[in-house]
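In: After the sequence you'll find the predicted model.
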Amino acid sequence: MKILGVDFGDARTGLAVCDKMEFMASPLCVVHEKNFERCARAVAEHAAAQGAELIVVGYPKNMNNTVGERAEKCKAFADRLHELTELETVMWDERSTTVSAHNYLNATNTRGKKRKAVVDAVAAVIILESYLGYRKHA
């Protein structure tokens with residue numbers, strides 16, 4: 001099943017996609033949009049263009065497992081994507097994914113503007129890979 005991974009942000013939203021065999025997640029792009037509705041529509045268009053059958057949205061819970069304002073905004077974004085695409089949307093715990101993305105980029109010595117351009121897509125890959133691991137073992 002083709003799955004779209006989403007790391008929703010206020011200014012940049014990272015997207016990743018996996019192959020039909022759910023073997024590997026790859027970065028797709030970063031949507032640069034501050035407007036909630038325009039961002040949701042752009043992500044929905046990418047989902048359609050990729051032939052996504054499911055959307056996984058990062059759910060940034062607090063470290064103590066509570067749901068804060070950021071997580072609520074991500075849930076609202078997932079709900080809007082579901083309305084626009086009619087695809088199932090899954091919320092997936094994304095705690096520390098941006099930190100992990102920065103660590104990956106440190107390991108590859110990706111710096112400056114190049115780093116800023118890809119960090120959100122890398123975070124989306126981490127979210128999607130985590131979800132794929134869950135599906136494989138569940």
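Out: Yep, it's here.
In: Now do the helices in the chain.
Out: For the chain, the helices defined by DSSP state H cover 36-50, 69-85, 97-107, 112-137.
In: Could you dump the ones you listed into a markdown table with mean neighbour count and distance to residue 18 added?
Out: Quick note: C-beta positions are derived from backbone N, CA and C, even for glycine. Listed next are the helices of the chain as a markdown table, based on neighbours: other CB atoms under 10 Å; distance: least, CB to CB, whole Å:
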| stretch | mean neighbour count | distance to residue 18 |
| --- | --- | --- |
| helix 36-50 | 17 | 10 |
| helix 69-85 | 17 | 17 |
| helix 97-107 | 15 | 16 |
| helix 112-137 | 18 | 6 |
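In: And those, which one averages the lowest pLDDT?
Out: Of all these, the minimum mean pLDDT falls on helix 97-107 (a mean of 59).
In: Could you pull up the residues touching residue 16?
Out: Residues near residue 16 by CB atoms under 8 Å, 6 or more residues apart in numbering: 4, 5, 7, 25, 26, 27, 28, 121, 124, 125, 127, 128.
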